[in-house]
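Asker: this one's sequence-less:
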């Protein structure tokens, strides 16, 4: 491996707390992060993508994008269908080798296994649990083929640290394996791409830069001076210029520019169908009159003549219009202008007030605006006040720490992660935590992120998740079967080590209660003992409930009760923590 790639891998490994992994696994995580980040701009944990060793069918990592989000398991498909009513799927498969040569036999074996095993109706070769999860997701998607907007896209990457020289044998091998995948008739498009050192270096570097686009904005007026706003404009933008804000280099819609929008795309509902009809009927000149417009907030805008460079921008209102335009862009043959409100501000208060106000003009549930509440600000402030080895960073605004290389990425807690950790540990819902975030939130919305809640319980749940995630990464391949139960480990920890019943996040005693739990997590040695105890409890509960140590069991409600019983018994008998990470 060349020295530049080594330096980038080292940077990634240190910032994601993966230094304890063998060098080959570090490179697999690095390759998975770099490749998937080029197609998915929100946060994710590579530990959920990298496949365990043995019976992996040459797949080192995979991700399945469904409606713009990463699917955790097959049940995620059902949640997305219930919310959106349609499926838009994309498979990303990675084989990563730290060697400096492109191995033709490995490329061929990967292609053969994808066609004959993973994307086949039946599997003949042994599979590990991670590959089985990929197949289960694939099967659930295909079971709902009638709800697909189009056949899935399949992206396959062979990554190594050599130089790609267009070797004729390798080019032909890749061409044939790509065609084999196309011949399955499962995919609307197949990309089979070799990535050498220069390509993977470029992809990793791209993860550290904020999004920037240049558009030609001629038809606009400058609005009067507004307190907290550097500049603001009102006008119309030609659809070709507007699409520059929406589309990445691969022609995919950039999901990250909608993170601050309170709603995801709602699918083909009556309102969106009406927007689309203006386009399909060819009424391009009327679009600007019929549409309420798009609001874009940027943290930096540079202007040269009619050229506007937008840095770190968000489309805070107009998600539905944007997706409809993107989906129907091939039908737009005439002049279509999009009404635009463009705001340059670095003030979070101003940005959040704009988001809230513009979205209150449409039918948006108050619950969808939780990210903008005072509680979220207070929780962020509480995290900021913590120092030392228990320091975590609460990411109230998406990607707010992305450019800070000094922060260990695994210490960043997103709102979604906070929701799952808190619901698992304190709302007795570890069996639901792996569900689609919107579905989970609907289930617990009246018991989470309330204005009267105090922050301590939220923080200790996130701290336990951080400590346990580090411990999970150090397990051997044989011990990884406990990973699907990571949310049950949080519930087991709370049930075993709490000194009294949880008083509720708004209770007067919640600070003392939470600090007692935090005492078991103050350093890595204490946290390891707590983790090992939690693993033992979950394994005993699985044995007691006669459930298999398998992913499906992680959704079992009876397992929640059994974990509670085992943990309570061990707490009552005051059995000391026992180091046990492996199988029973």
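Answerer: Great, that's in hand. If you're wondering where the values come from, they're calculated on a predicted model, not measured in any experiment. Residues are numbered from 1 along each chain as shown.
Asker: what's near enough to touch the nearest residue to residue 217 once chain neighbours are set aside?
Answerer: Among residues not flanking residue 217 along the chain, residue 308 sits closest, at 4.8 Å (CB to CB, 6 or more residues apart in numbering). For every residue, glycine as well, the C-beta is placed using N, CA and C. Taking CB atoms under 8 Å, 6 or more residues apart in numbering as the criterion, residue 308 is in contact with 214-217, 301-302, 342.
Asker: just the buried ones from those residues?
Answerer: Listed as buried from those are 215, 217, 301, 342; burial here means 16 or more other CB atoms under 10 Å.
Asker: ok, these vs residue 504, which is closest?
Answerer: Residue 504 has its nearest neighbour among the buried ones among the contacts of residue 308 in residue 342, at 44.3 Å by CB to CB.
Asker: and the closest one, what helix or strand is that in?
Answerer: In this assignment (DSSP states H and E), residue 342 forms part of strand 337-344.
Asker: I'd like to know which elements that strand is packed against.
Answerer: Applying 3 or more CB pairs under 8 Å, 6 or more residues apart in numbering; DSSP states H and E, one finds that strand 337-344 makes contact with strand 219-222, strand 231-238, helix 239-244, helix 287-290, strand 294-304.
Asker: report the buried residues of the last one.
Answerer: It refers to strand 294-304. Of the residues in strand 294-304, those with enough neighbours to count as buried (16+ other CB under 10 Å) are 294-299, 301.
Asker: same question for stretch 478-488.
Answerer: Judged by neighbour count (16+ other CB under 10 Å), stretch 478-488 contains these buried residues: 480-488.
Asker: residues touching residue 54, list them.
Answerer: Listed by CB under 8 Å, 6+ apart, the contact partners of residue 54 are 128, 477.
Asker: run the last query once more with 10 Å
Answerer: By CB atoms under 10 Å, 6 or more residues apart in numbering, the contact list for residue 54 reads 126-128, 477-478.
Asker: can you list the buried ones among the contacts of residue 308 in a markdown table and add distance to residue 22?
Answerer: Listed next are those as a markdown table, based on distance: CB to CB, whole Å:
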| residue | distance to residue 22 |
| --- | --- |
| 215 | 46 |
| 217 | 51 |
| 301 | 46 |
| 342 | 49 |
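Asker: let me have those in JSON lines, extended by distance to residue 236 and pLDDT.
Answerer: As requested, the buried ones among the contacts of residue 308 are exported to JSON lines (distance: CB to CB, whole Å; pLDDT from 0 to 100):
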{"residue": "215", "distance to residue 236": "12", "pLDDT": "90"}
{"residue": "217", "distance to residue 236": "9", "pLDDT": "87"}
{"residue": "301", "distance to residue 236": "17", "pLDDT": "89"}
{"residue": "342", "distance to residue 236": "11", "pLDDT": "91"}
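Asker: picking up where we left off before, out of the helices and strands packed on strand 337-344, nearest to residue 167?
Answerer: Of all the helices and strands packed on strand 337-344, helix 239-244 sits nearest to residue 167, with 35.9 Å by CB to CB.
Asker: looking at the closest one now, give me its mean pLDDT.
Answerer: Regarding helix 239-244, the rounded mean pLDDT is 92.
Asker: stretch 495-507 now?
Answerer: Stretch 495-507 shows a mean pLDDT of 93.
Asker: ok now that stretch, how far from the chain's centre?
Answerer: Going by CA atoms, centre = their mean, to the nearest Å, the spacing between the C-alpha centre of stretch 495-507 and its chain's C-alpha centre is 30 Å.
Asker: give the buried residues for that stretch.
Answerer: 495-498, 502-505, 507.
Asker: nearest to residue 13, of these?
Answerer: Nearest to residue 13 among those, counting by CB to CB, is residue 497 at 31.1 Å.
Asker: residue 281 versus the residue found closest to the closest one once you drop the neighbours it is linked to in the chain, what's the distance?
Answerer: For residue 497, the nearest residue in space outside its immediate sequence neighbours is residue 520; the separation is 5.4 Å by CB to CB, 6+ apart. When distances are taken as CB to CB, to the nearest Å, residue 520 and residue 281 turn out to be 64 Å apart.
Asker: quick one: which of these two has more around it?
Answerer: In terms of neighbours (other CB atoms under 10 Å), residue 520 is the more surrounded of residue 520 and residue 281; the figures are 21 against 10.
Asker: for the stretch 401-550 of the chain, which segments count as strands?
Answerer: Remark: strands of the stretch 401-550 of the chain, listed N- to C-terminal, are 412-414; assignment by DSSP state E, counting those that start in this stretch.
Asker: all the helices of it, residue numbers only.
Answerer: Remark: helices assigned in the stretch 401-550 of the chain by DSSP state H, counting those that start in this stretch are 415-426, 437-444, 456-473, 486-497, 510-518, 524-545.
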